[in-house]
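Undergrad: fold the stuff below for me.
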Amino acid sequence: MSDITVEEIKRLRELTGVGITDAKQALVDANGDFDTALSAMRKKGLTKAEKRGEREARSGIIGTYNHDSRIGVLVEVNCETDFVARTDEFQAMVKDIAMHIAASAPEFVSQDDIPTEVQDVKATEFAEKAKSEGKPDSMIDNIVEGMLKKYFAERCLIGQPFVKNPDQTVEAYIKEHIAKLGENIVVRRFSRIVLGEIN
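TA: A predicted model of the protein is given here:
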């Protein structure tokens, strides 16, 4: 126990958003191993984040990002209270998401936002491709499902690798902030404008 420093407790608290007591206990449980404690606290925080995802988010901000005056992004990100919406951490997160949209050009927020007709067109296209490659009929549905999942994951904001840390998705980045800030956070919508392009 004497090996655990106040600095480590503070650092763990800052990285995970847990209280001092929880941070200290996590380090004790991990026998002073900071990385193990951090991993345990993140898992605990993300579990809580999943539960918070059921709560309604009606506050928030509209964030902006402008890249070289050539790409502009507007994004609406909601949380539960104005108090959290005004925090530097929430606002920095929204700016990061806007910057990611500018860089990665997603078409949809999540799979739920993809119109059925768009999914149907792609499903037909992938089924024809699989048939032309001589895949057995019994496997076509599974192949198409896998291809659709991959295709739309690349085009949905929350499924994309986060531009500032490609080891995590945008969804994981948002969930980290749900755990830290203690509120449900939802990307509601976005608009990406490129100079000279017409949608």
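Undergrad: which parts of this structure are helices?
TA: Using DSSP state H, the helices of the chain run over 6-16, 20-29, 34-52, 82-85, 88-104, 116-132, 137-155, 170-181.
Undergrad: check the ones you listed for me: which has the lowest mean pLDDT.
TA: When the helices of the chain are compared by mean pLDDT, helix 34-52 comes last with a mean of 67.
Undergrad: tell me which residue lies nearest the centroid of the chain.
TA: By Cα atoms, centre = their mean, the chain has its centre lying nearest to E171, at 1.8 Å.
Undergrad: list the residues that contact it.
TA: Taking Cβ atoms under 8 Å, 6 or more residues apart in numbering, we find E171 in contact with 158-159. All C-beta atoms are positioned from the backbone trio N, CA, C, and that covers glycine.
Undergrad: switch to 6 Å and redo it
TA: By Cβ atoms under 6 Å, 6 or more residues apart in numbering, E171 lies in contact with I158.
Undergrad: just say which of the helices of the chain is most tucked in.
TA: helix 170-181 (a mean of 21; mean count of other Cβ atoms under 10 Å).
Undergrad: would TSV of the helices of the chain with distance to I61 be doable?
TA: Compiled in TSV, those are given as follows (distance: least, Cβ to Cβ, whole Å):
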stretch	distance to I61
helix 6-16	23
helix 20-29	29
helix 34-52	18
helix 82-85	5
helix 88-104	6
helix 116-132	29
helix 137-155	25
helix 170-181	13
